[in-house]
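Colleague: All I have is the shape, not the residue letters:
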């Protein structure tokens, strides 16, 4: 569970997502998570299954899980 503060007022969290296999998958997951209030940046990497999210404050994991589910993938845990 790695949550670290990068710049004042921002939190970076890395999530492990299963099922991503291509750039389209990365875009789907990034797009859904970007819709969560407070998210400022999302980077999904299909080859590792990691999704790095930068937000103004720690995110509700249920909201992230719902966004990943909506994209058609499964949130495994925080990396």
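Modeller: Received, thanks. Computed from a predicted structure; not experimentally measured.
Colleague: show me the contacts for the closest residue to residue 35 other than its chain neighbours.
Modeller: Spatial nearest neighbour of residue 35, excluding adjacent residues (Cβ to Cβ, 6 or more residues apart in numbering): residue 67 at 6.6 Å. In this view, the C-beta of every residue, glycine as well, is placed from N, C-alpha and C. Taking Cβ atoms under 8 Å, 6 or more residues apart in numbering, we find residue 67 in contact with 29, 32, 33, 35, 36.
Colleague: The fourth one: neighbouring residues, count only.
Modeller: Right, the one you point to is residue 35. By the measure other Cβ atoms under 10 Å, the count of residues near residue 35 is 12.
Colleague: likewise residue 26?
Modeller: Counted with other Cβ under 10 Å, the neighbours of residue 26 add up to 20.
Colleague: Next: residue 76.
Modeller: Residues lying near residue 76 (other Cβ under 10 Å) number 14.
Colleague: for residue 17, same thing?
Modeller: Around residue 17 there are 26 other residues, counting by other Cβ under 10 Å.
Colleague: Show the pLDDT at it.
Modeller: Listed pLDDT for residue 17 reads 98.
Colleague: same check, this time on residue 79
Modeller: Looking at residue 79, the pLDDT reads 82.
Colleague: Please report how far it lies from residue 9.
Modeller: Noted for residue 79: a distance of 22 Å to residue 9, by Cβ to Cβ, to the nearest Å.
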